[in-house]
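Participant: mind looking at a prediction? Sequence and model below.
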Amino acid sequence: MTDTPEVHNTTTGPAVGGVVVQAGHIVGNVTIVSGDRVPRSAYREQVRRIAPESLRDRERELARLSEFCTAPDGRAYLWWRARAWAGKSALLAWFVLHPPAGVRVVSFFVTARYAGQSDRVAFTDVLLEQLAELLHEPVPAYLTEATRDAHLLSMLADAARRCADRGERLVLVVDGLDEDRGVTTAPDAHSIAALLPAHPAAGLRVVVAGRPEPPLPADVPGDHPLRDPGVVEVLSPSPHAATVRAEAERELKRLLRGTSTEQDLLGLVATAGGGLGSGDLAELTGSARWEVDDELRAVSGRTFRRRAGRPGDRPEVYLLAHEELQNAAVAFLGPSRLDGYRQRLHAWAARYRDEGWPAGTPDYLLRGYFPVLHATGDLTRMIACALDPARHDRMLDVIGGDTTALAEITTAQDALLDHDPADLRNMTLLAARRDSLVERNRHVPVALPAVWARLGRPIRAHALARSIADPLTRVEAMAKLCEALAEHPAGEEVRADEVLGEAEEIVHGIGYPQERDKALALVAGAAARSGNLDHGVALAHEVAGEHRRAEALSGVAAAGARAGDVRGATAVARTIPERFPRFQALREVAKAAARAGDLDQAVAVAGEATDPGEQAEVLRWVAEAGARTGDFRGAAAVARAIADPVQRAWALAGMAEAATRAGDFDRAARFASDAVAVARDRAGQHGRTTTLVAAARAVCWAGDHHRAANLARAVPDPGDRARALVAVAEAVARSGELDRAATIAREAEAAARAVDPTDQQAWVLAAVVKAAALARDTEYATHLADHAWSSARTVVDNAAWRGTILAEVLAGRARGSRSVPTPPQTFADPYEQDQVLARAAETLIRDGDLDAAEALARALADPARQARTITLVALAADHDRAAQLAHHAEMLVRTPTSAPQRALALAEAASAVARTGDLDRAAELARHAETFARTTADPRWRAQAMAAAARALARSGRADRATALITEAEALADVLTDERDREWVRMIVAEAAAQAGDTAHGLDVAHTITNRLNRAPVLAEVIAAVARAGDIDHARHLVQGITDDSYGRLRAAAAAARAAAEAGHHAHVLVRDVEALARDCGVDSWRAEFLAAAATAAGRAGEADHARRLIRDAATIARTAPGQEDRIRELALVAKAAARAGDRDHATTLAREAEAGLRTATVSSPLAWALGEVIRALALTGHPHQAVTLARDLAPRFRASALGYVARHVDPADARPLIARALRLADWRDTVDALAAVEPAALTDVAEAFLAETATETG
C-alpha cells in the first residue's frame, strides 16, 4: 500500500499516561501495563444459583475440604467422585461461597442447565475473568485457540503466586468434569480436564468433582495428577439428594407426558437456561399467571428450583433442579421443539425491543437472554442487543451499573472475531458503543454509592461503584462504600470485606506511584473503619513515599478509632514518625474516645502529644467532644487542664455551644463566664485577640448578646473584630431580633472595610453578607455582596483564591433561601460560574443550610458537577430527601455529556479520511463533528470542538466553512479565564487556519502560544502548509525565524521539506537546510532523527543517492547512541526513513538490527517506546507478521495502535482482521487512520449511530 505518515500533528484526543514494562526476557515478551479497565467477575452470582439454601449433614466433607486446602504440603489434587444425585455440586458450591480463612477460590461448574456453561471455551472464559479480577489485570483482549489456554495457565500461576505472597492459598474448584460437552471421540477433542495444570504452581490446590463414568478423556496426559488413583476420594451420597431425585424424576415424567401447558413450561425453562419467572412464563405460554403459579408450585423444589431473580425486589425465577433433568428434558423435546421455544423467546424479546425496553421489561431479557444467544451462536441477535442504547439504559435502571452491558459487548466482539473478523462495520459500532458506556461512567460521583448504601440499597451501590471507569476513583468510591456498609450493614447482600477485597485488588494494578499510594491510603482507612485495623496498618505500610505513608497511617488511626478500637488506634499513632501526621492522628483518636464517652482515655491519648501546643489543642477538642455527649462535668475538668489560654478559651466556647444546644443554659452561662475570665487574664499579652473572639462566641451561645457584642468590639484586629461581630449578629438573628442583628452586621462591615489588602477585605465582607442575609436585611445584603464581589473580581493572579471568595459571597447571599441568588456580576466563563456555585453549595452544606445548597447545586450547568454537588447534599440529608437526590444525581450522570468527545472524534475521523483523498466523505464527517460541537454547553469543550471541526473541514477542502468556524472558536476562546484552555484552542485554530489557506493568520495565532512545547508542533504544521503551497522561500524564512527553540526549528524544517516534496515542488534546498541544521546540531539523537527526516524528503524529491548517503550517516550516529533503548529506537527511526525514501533493502537491514537489539535489552519504560518504533519499521519494510508478533504482548492500547499501523501497510484483506483486533483492544478513536484507509464507511456508520442516539435522547 502507499505509505502514509504514521504521526499526524493533532491536538485532540485523550492523553496517554506513563507506562510500566514487564518481562522475563525481552525476546518478543514486552508487556506495557496501562490503566485499562479491569472486569468484575459476576460468576459468584452463578455459584449462588447452584448452592442450596442450607447444606445439611456435610460437616465431615467440609472439614476434609478445609484440611486439604490449608495443608502446608501434600497432594495438589482432590477428586470427589460419586454417582449422579450424590450432592456434589451442592457441596462444592457451598464451599466456594464459604471458603476457610486465608483461602481464595476460583471456580467453574460444568452444567448445561445454564446457557454456555458446559465446554472448555466457557471454562476458560469464566476462569480468565475471575483471575483477571484477582490479579487486577485486563482479560487478554483477543484470544485464539492457540493462545487462550496458555493465557489461562499463565494467569492461574500468577494468581497462585500473588496469593502465596500474601500468605493465602489459591484453590481451583471444578465441578462436573463428566458433563464436559466439548469431549468427543475425535482425536483433536479438547477437554476441560486436560487443561488443568499438571504441575500446580505456588501451592495451588485443585478440587474437582465428577462421576466415575465416563473415564478421563483421552487428551489428559498419562502423567497428569488426575491419572493418580491417590487423588480420588469417594463422596458418600447425601440422603437428602436421593430423596429429591426420586421425587423430581417422577414429576419430570409426568410433565413430559402432561398437558401442552406443562410441556411448554418445561420446554421454555430448559431452553431459556434458567431465569424465567412465573409472569414471564405466563406471557410466553399465553396462560393466566395463576395457572402458571399453580403448576410451578406443584413441582417447585424437585423438578424446578426457585431462585430470587435479583436480591431485594425481583420475583422468583425458575430453573431445572439438576443436570440430569435438563438432559432428559432436552432429549425428549428434540431439536425441532427446542427451536420453536427459542423462536418464542426471540419474538418476546423483539416485542419489548420495539417498545423501547420500557419500565417493567422482564429481568430475563436484560440478563438471561443474551447468554442463550451466545450459546446458540446467534451472532446477529447478539450484535443487535449489544448495540441497543435503549436496552443499555434499561439495564442500568435495573442493575445499577453498566458492567453487564459492557460484558455483552465484549462477548459480541469476541464472537465476531471468531466468525467474521472482516466485518469492520459492526466491530467499529460495537467498539464505539462500548466506549460510550465507559465515558458515561466517568462521571459517577464518588460518594453516590455510599449514599445508596445508607439508603438500604447496597446492591445498587456496589454495581454503581464497580462501573466507575477510572481505577483511582473506583477505589475511592469503594472505600466510601465500605465505610457506609460498616455503619449500615447489609447482611450477606453486599459485605464490606468483599468490597474491600475488590478495592485492594484494584490498587495493586495502579501503575503510577502517587496514585497507587493515594489508593492504598484510601483502602487502608476503609479497612480500619470496617473493623480490621491490623490490615489497614499493613496496607498503609505499603505506601511508598515516606510522607504519604505517615499520612496514611494517620488516616488509619483515625478510622480505627471511629470504629471503636481506641487503644489500637493510639498504638498506631505512636508509630507515626512525622510530627504533624502523628498530631492529627492523636487528635482524631482522642476525639473518638471522647465521643464514645471515655474522657479518661481521651485525655490519656492527648498526653501522647509531646509538643505542649499540640497537646493543648487535642485537649480542646476532647473537651468539646465530651460536652457534646453531655458529660459537662468531665469536659470542664479537661478544660481546666488546658495550659494554653487560647485553646482553653476556644474549648469553653465550644462547651457553651454544646450546653445551649442541650438546653442547659445555666451551665452555658458558667462556661461563657470562664471564657471571659480567660480573655481578661490575657489583657496586653499574646493571644488577647483570639481569646476575646472565643469569649465573644461563648457569651453569644450563652444568650448574652449585649455582652458578646461588647467583647467583640474590644477585639483590636479589624478582621477578627468583624468576624466576632458577625458571630454575634448571626446569634442575634437566630434569636429573632432581626433589626438588632442587622445593626451589628453594619458594625461588622465597618470593621471589615478597614482590612487591607482588598482581597482579604472581600473575604471578611463575605462573612458579613451571610450575617445580613440571616438578619433578613435583603437590600443591605445585596448591596454588600455587590461590593465584596467587585473587590474579589480584582484578584487576577490567583483564580482559585478569587473563586473561593466569590463562593463565600454567594453562599452568604443564599443563606436561608430556597432560590438561587443572582450573582452581582455575570460570568464571562460559565465554567468559572459552575466552580463558584459548587463551592458556595459546599459551604452551605457545612453550615447545615441544605435548602440553599440544593438550590445552588441544581443551578449548575454541567451535569457531572451538578451530580457531584447534589450527592454531597444527599450525604447530609434525611432518608427521604437523600433518596430523591440520589435518583436525581443518577439521572444527571446519564445525561448525555459526550457531545464534545464525539465532536473531537468525528473531526479526527474526518481528517483521517481526508488524508486518503475521499474529501466528500471527510466533509460529511466534519459537518457531523460541527453538529456535536454546537450542542456542547461547556465553553471550554465547545471552543475545542469547534476548532477541531474547523480543522477537519479545512482538510476536507471546505475552506470557507472552516474559516467561519475558526472565527466562532476564537470568540469562544476569548472568554475563557484559564490561559491553558485558551492556548489549547489556539493550537487547533492555528492549524485549521493554515489548512484553510490562511497561513498568515495561522502564524499570528501560533506566535501567541506561550508554551514552547505546544508552539513547536503548531509552527511546524503551519510552515509545512506554506511549503505545501509552493512558497519555498517564505517557508525557509519562517524556519530561520525560529531562534528560541532548536528542536522546534529542526522539526519545522523537516516538516517543510517533506510537505514540499510530497506536493511535487522543488524541495532540494529545503532538504539541504534540514541536513545542514542536523549536522550542526549538538545532540546526537536529534542529528540521527533529522538526517533520517532529510533522507525521507530527499527520497520523495527524487534524490535517491542523496537519500542513501543521509541514511548511512544517520545509521552510523544511531549505532553510537549511549543507551541501548535509544540505540534501538533511533535505528528503527532510520529504518522507517529508509523505507519511505525507497531504500527497502537498507531499511530491512536496519529494522532487523533494531529488532535484534531487543533480545538483550534491559526492561525499562523507554524500551517500550523503542519497541513501538521497531514494530513500525518492520511494518514499513514489508514484515507485518514479525511486527504483529512483537506487538502481541503490549498493553491493549499500545497493541491496538501497533496493529492499526501494520494494517495501513498491508493489503485490505489482511488489514481487516488486524483492525478488528485493535477495535477489540482499545478505544475506537485509536483506529481511525486504519479505518479511513480500509473501511471508511464504518466511520460514517459511527457518526450516524451517534446522531440517532442523540435524537432519541433529546426527543
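Facilitator: Alright, I've got the coordinates.

Participant: now residue 317. Its backbone dihedrals?
Facilitator: Residue 317 adopts backbone torsions of phi -120, psi 170, taken as degrees, to the nearest 10.

Participant: report pLDDT for it.
Facilitator: Model confidence at residue 317, given as pLDDT, is 77.

Participant: relative to residue 530, how far out is it?
Facilitator: Relative to residue 530, residue 317 is positioned 32 Å away (C-beta to C-beta, to the nearest Å). No exception for glycine: its C-beta is placed from N, CA and C like everyone else's.

Participant: in this structure, where's the longest helix?
Facilitator: Taking DSSP state H as the criterion, the chain has its longest helix at helix 323-354.

Participant: which strands or helices does whichever helix or strand comes after that helix pack on?
Facilitator: Sequence order places helix 363-367 as the next helix or strand after helix 323-354, per DSSP states H and E. Helix 363-367 sits against strand 276-277, helix 323-354, helix 389-399, with contacts defined as 3 or more C-beta pairs under 8 Å, 6 or more residues apart in numbering; DSSP states H and E.

Participant: and the very next helix or strand once past the first one, how far out from the chain's middle?
Facilitator: Same thing as strand 276-277. Downstream of strand 276-277, the first helix or strand assigned by DSSP H and E is helix 278-285. With C-alpha atoms, centre = their mean, to the nearest Å as the basis, helix 278-285 stands 39 Å off its chain's centre.

Participant: got the angle between the next helix or strand after helix 278-285 and helix 278-285?
Facilitator: Counting by DSSP H and E, the next helix or strand C-terminal to helix 278-285 is helix 289-299. Relative orientation of helix 289-299 versus helix 278-285 (axes from the mean of the first three to the mean of the last three C-alpha atoms, to 10 degrees): 110 degrees.

Participant: heads up, I number from 48, so please use that
Facilitator: Happy to do that; since the first residue is 48 now, the last one works out to helix 336-346.

Participant: what comes up buried for helix 336-346?
Facilitator: For helix 336-346, the neighbour count (16 or more other C-beta atoms under 10 Å) marks 339-340, 342-343, 346 as buried.

Participant: make JSON lines out of these and add distance to residue 1178 and pLDDT.
Facilitator: Below are the buried residues of helix 336-346 laid out as JSON lines (distance: C-beta to C-beta, whole Å; pLDDT from 0 to 100):
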{"residue": "339", "distance to residue 1178": "72", "pLDDT": "83"}
{"residue": "340", "distance to residue 1178": "75", "pLDDT": "80"}
{"residue": "342", "distance to residue 1178": "75", "pLDDT": "76"}
{"residue": "343", "distance to residue 1178": "72", "pLDDT": "74"}
{"residue": "346", "distance to residue 1178": "74", "pLDDT": "59"}
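
Participant: closest to residue 775 out of those?
Facilitator: residue 340 (69.8 Å; C-beta to C-beta).

Participant: excluding chain neighbours, what is closest to the closest one?
Facilitator: Leaving out its chain neighbours, the residue that sits closest to residue 340 by C-beta to C-beta, 6 or more residues apart in numbering is residue 325, at 5.1 Å.

Participant: ok, the one you found - how many residues close by?
Facilitator: Burial measure for residue 325: 24 neighbouring residues, criterion other C-beta atoms under 10 Å.

Participant: do the same with residue 115
Facilitator: Around residue 115 there are 18 other residues, counting by other C-beta under 10 Å.

Participant: sounds good, over and out.
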